[in-house]
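>>> sequence and computational prediction follow.
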Amino acid sequence: MTDIVHGTTTSHPERRYDLDWLRVLAFGLLMLYHLGMLYVASWDYHYKSQYLSSSLEYLMLLSSPWRMLLIWLIAGFALGTVLKRLPGLRAYLQFAGKRTVLLLLPLMVGLWIIVPPQLYAEMVQKDGLSLSYWQFYLAFFELDHPLFANYQRGVWPHVDVNHLWFLRSLWRFTLLAMLLAPLLYLPGLNRLLTRLFTMPIGWFLVWVGALLLLCRYQFSGDSIRDLQGLLFFLLGMALVSVPGFWQQLNACRRPLGWFCLLNYLLLCLLYFQLQQPAQWPDYQQPMRFALRLSFSLQGVAVVAWLLALAQHYLNRPHRYLNVANRAVFPCYLVHQTLLIVAALWLTPHAVGALAEASLILVFTAAASALLVWLGWRLPWCSALIGLNTGYPFSQRQRFCGYLLGALLVSPLALRLLASAI
């Protein structure tokens, strides 16, 4: 099974190659989604192209309901697979320490090096910032600098996670899940989960979709995103012990596919109608509820459908899967910054929407590939970008590396824990 942080594909009789493939494809889609965010007219983003489109929003709705839910479920399954094999408390503590370093070290690099260009581009566009990037970056390290008076949100003032919120939440969820893991393997709870996950697939869609909808109505802002992510993270952990769920999915591929298609059309229709408030003034609230319900059901239905398709067609190894899995983390780490930097540079040239989007995508892919190549050539620095090179470090070198990493990330870990309480 894919590791939570680093993709590895050594052969194992119980290996889920289908989830390995889905992980790679889901993060690849994330890059395209964030490219699209540069061009959608009414959705907020750190930077916007001059070529905006409202029609593109309907294409974005193809993946908006389920993209991150799938990633969370795969991450939870990966963690559940690992935890089930840990022999005792000492192994749990060692695992928690290593995962803290492997997740928070790239996050720290992201906070102070990778994300700042996104804030610079945002301030150039929204505030007319005229400083050079070097001048901006020197000011960035002053947490009380007046330049950032309107950008105080973050782990520290104006030092925000942006697209790296996933790493912050993944670390928190991992610690929480490790506390809850022993409960998941209690016989009584295990039997209950087995009944829940092996009920007819329609009921599975209903109860999980209802939980997603409840999150939307009871919470707001980032809390919705985090709670829905936690739900699918824990679902992924639970599915490790329920093989009957996977057997049932395989038999429901076609019905799930038809449901996803029809519900997507309904989702687009409802979204369109809500953009025309004058046409249905008395039905805005019912249509808004219907939109949220359709959105929630689409999230769980597409995840189930993709799991079924991947299990049937992709559950086999490939010579490029190992490289692709290892490259996912560093590419995720830098892709949004590369997209925004390229867009900022291309804006004055006015090359046209299609040419601009193509150039941005090519630049982002090439720069990401270069970063992975450099990480492989410099294995001593690879942990900074979350790349598992497989370099044969000695046991002493590994110990020193984890110890140094723990010292470096401890202020960030304490800050994240304090903000979560």
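It's in.

>>> measure how far stretch 302-322 is from the centre of its chain, please.
18 Å (C-alpha atoms, centre = their mean, to the nearest Å).

>>> got the contact list for that stretch?
For stretch 302-322, contacts defined as C-beta atoms under 8 Å, 6 or more residues apart in numbering pick out 7-9, 11, 15-22, 24, 65-66, 69-70, 73, 201, 204-205, 232, 246, 249-250, 252-253, 256-257, 259-260. Where you see a C-beta, it was placed from the backbone N, CA and C, and this is true even at glycine.

>>> mind checking which of those residues are buried?
7, 9, 15-22, 24, 65-66, 69-70, 73, 201, 204-205, 232, 246, 249, 252-253, 256-257, 259-260 (16 or more other C-beta atoms under 10 Å).

>>> quick one: buried residues of stretch 83-96?
83, 92, 95.

>>> can you check stretch 275-294 too?
So, applying 16+ other C-beta under 10 Å, buried residues of stretch 275-294: 287, 290, 291, 293, 294.

>>> again with stretch 267-277
So stretch 267-277, judged by 16+ other C-beta under 10 Å, has buried residues 267, 268, 270, 271, 273, 274.

>>> among the contacts of stretch 302-322, which ones are in helices?
17-22, 24, 69-70, 73, 201, 204-205, 232, 246, 249-250, 253, 256-257, 259-260 (DSSP state H).

>>> show me where the stretch 101-250 of the chain has helices.
Per DSSP state H, counting those that start in this stretch, the stretch 101-250 of the chain carries helices over the ranges 116-127, 133-140, 165-184, 187-197, 201-218, 222-239, 243-250.

>>> and of those helices, who's closest to residue 329?
helix 165-184 (9.3 Å; C-beta to C-beta).

>>> can you show me the CA trace of stretch 145-152 as CSV?
Only the C-alpha atoms of stretch 145-152 are listed here, as CSV (Å, rounded to 0.1, in the frame of the first residue of the first chain):
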residue,chain,number,x,y,z
HIS,A,145,5.9,44.5,9.4
PRO,A,146,3.2,47.0,8.5
LEU,A,147,3.3,45.8,4.8
PHE,A,148,1.3,42.8,5.8
ALA,A,149,-1.3,44.6,8.0
ASN,A,150,-4.2,43.2,5.9
TYR,A,151,-2.6,39.7,5.6
GLN,A,152,-2.4,38.5,9.2
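
>>> re the thing from before, confidence-wise, which of the buried residues of stretch 275-294 comes last?
Lowest pLDDT among those: residue 287, with 91.

>>> was I right about that one contacting residue 273?
Yes. Using C-beta atoms under 8 Å as the test, residue 287 is close enough to residue 273 to be in contact (5.8 Å).

>>> now residue 61. Its backbone dihedrals?
Backbone torsions of residue 61, given as degrees, to the nearest 10, read phi -70, psi -10.
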